[in-house]
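# 3D, please:
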Amino acid sequence: MEHTVFIRRVPGYDEKVDRAVEELFAASPRAGALGPQTRALIKPNLLAKHPPDHGVTTHPAVVAACIRALQRRGVEHIVVADSPGGLYNPGMMRSIYQVSGLAQVCRELGVQAYDECAWAQREAQGKLVRRFELLNPVLEADFIVNVPKLKTHVMTG
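Got it, this is the predicted structure:
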């Protein structure tokens, strides 16, 4: 499987984000196969319960731009999901979505902010790791958009 990383620098969280995300989707060969039957997952970085201006989580404008890019391609089943550090349960997830601004984005754009916290195991053929625990939306997705927050703190290595 080929993996490609797409990056664009955008000076702010305005309409330029939508244009940059659209450029990235247009450059992706796999995005051309998206359609109504695609089950898409957007995986932001929801490290903890922080508002967008703290720069800890993926900004809601970026997630919204990804949702709109998928919707322009006809994708009807879109889920936003992550498993942040610390306590992981439905109440905490709803709180993180609310504070991060993603709850409002998901409501406005008609997509699911995944808070069920259900996972399953997937067998692997690794030498050291034989199984992974993955969120159900990851296992069900045909197309995953990973939208990490670029980090510059000491723990980034």
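# so A124 touches R131, yeah?
Yes: counting by CB atoms under 8 Å, A124 sits close enough to R131 to count as a contact (6.0 Å). (Glycine included, C-beta is placed from N, CA and C.)
# From C117, how far off is G91?
As judged by CB to CB, to the nearest Å, G91 and C117 stand 10 Å apart.
# out of those two, which sits in the busier spot?
C117 (15 against 10; other CB atoms under 10 Å).
# Can you tell me the element F6 falls in?
For F6, there is no host helix or strand (DSSP states H and E).
# What about it, how many residues nearby?
13.
# show me the contacts for it.
Listed by CB atoms under 8 Å, 6 or more residues apart in numbering, the contact partners of F6 are 24, 27-28.
# center of this structure, which residue is that?
The residue lying closest to the centre of the chain (CA atoms, centre = their mean) is K43, at 2.0 Å.
# Let me know the secondary structure of the residue of the chain most remote from its centre.
Going by CA atoms, centre = their mean, the residue of the chain most distant from its centre is K127, 29.0 Å out. Three-state assignment for K127 (DSSP: H, G, I helix; E, B strand; the rest coil): coil.
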